[in-house]
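S.K.: sequence and computational prediction follow.
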Amino acid sequence: MIIKAVLFDMDGVITDTAEYHYVAWKQLAEQLDIEIDKEFNEQLKGVSRMESLERILRHGNRQNDLTTEEKVVLATQKNEQYVKLLDNVTPKDVYPGIRELLLELRAADVRAVVASASKNAPQILKSLKLTEFFDYVVNPDEVDYGKPAPDIFLRGAEVVGVAPEYCVGIEDAQAGIEAIKAANMFAVGIGEEDILKPSGANIVLSSTGTLSWTFLQTLG
């Protein structure tokens, strides 16, 4: 296939701040007398902040206990705690192969875009010293619907002027893979094949270390 743009998820693809998300959500859940563990936390990957809160509330059977305003306050509180934890992120936290791939994409004149549900993506990229390698970072507020809807990937392709059929999306979450496929893009999954293949991943890699521009050119 001809590749003109590569769209990256953030958590689990470029770096891993999932542990920080988990710590912040767990603290908030305990405040609500709801117990969550890492297995449950898998359900929160790749979805928006407000939807994550809704899933936690349903898990604790408290979905009808709070007003919309109270939910917004709680989601903001969680994010503030998460942002504090992000102070720990440094360039050494970039996943294997990612910096090299971004350099190769730049040399090949292929657009690179971040399509993440995280509104903190710009801050994380700055901490990782990767900002200059991306042509665009989609703000989740720019689109109507989060993953698994295709909106965020379609927005990323639109901004850099590339048709979806010339795009590759890279994701580690089921919702993200479903979003890439709904956008009519080639989907590369990072993680467990038995989890991501059923969601529609065209190919699944166990880690980002296998990723390279040479590898991507063999897809199709």
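M.R.: That came through, no problem.
S.K.: output the below-cut-off pLDDT ranges for the chain.
M.R.: Of all residues in the chain, none has pLDDT under 70.
S.K.: who's in contact with the residue lying farthest from the centre of it?
M.R.: Residue farthest from the centre of the chain, counting by CA atoms, centre = their mean, is residue 65 at 29.4 Å. Taking CB atoms under 8 Å, 6 or more residues apart in numbering as the criterion, residue 65 is in contact with residue 57. From N, CA and C alone the C-beta is placed, and that goes for glycine too.
S.K.: wasn't it part of a strand?
M.R.: No - assignment of residue 65 by DSSP: H, G, I helix; E, B strand; the rest coil gives coil, placing it outside any strand.
S.K.: list phi and psi for it.
M.R.: Here is the backbone geometry of residue 65 (degrees, to the nearest 10): phi -90, psi -20.
S.K.: ranges for the strands of this protein?
M.R.: For the chain, applying DSSP state E gives strands covering 5-8, 111-114, 136-137, 167-171, 186-190, 203-205.
S.K.: make a markdown table out of those and add distance to residue 22.
M.R.: What follows is the strands of the chain, written out as a markdown table (distance: least, CB to CB, whole Å):
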| stretch | distance to residue 22 |
| --- | --- |
| strand 5-8 | 21 |
| strand 111-114 | 21 |
| strand 136-137 | 23 |
| strand 167-171 | 19 |
| strand 186-190 | 18 |
| strand 203-205 | 23 |
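S.K.: need these in JSON lines with mean neighbour count, can you?
M.R.: What follows is those, written out as JSON lines (neighbours: other CB atoms under 10 Å):
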{"stretch": "strand 5-8", "mean neighbour count": "27"}
{"stretch": "strand 111-114", "mean neighbour count": "23"}
{"stretch": "strand 136-137", "mean neighbour count": "19"}
{"stretch": "strand 167-171", "mean neighbour count": "28"}
{"stretch": "strand 186-190", "mean neighbour count": "25"}
{"stretch": "strand 203-205", "mean neighbour count": "18"}
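S.K.: out of those, nearest to residue 43?
M.R.: The closest of the strands of the chain to residue 43 is strand 167-171. By CB to CB, the value is 15.5 Å.
S.K.: quick one: the helices in this structure?
M.R.: Assigned by DSSP state H, the helices in the chain fall at 18-31, 38-41, 49-59, 68-85, 98-107, 121-128, 151-159, 174-182, 193-196, 213-216.
S.K.: need the winner for burial among those.
M.R.: Comparing the helices of the chain on average neighbours per residue, with mean count of other CB atoms under 10 Å, the densest one is helix 174-182 at a mean of 26.
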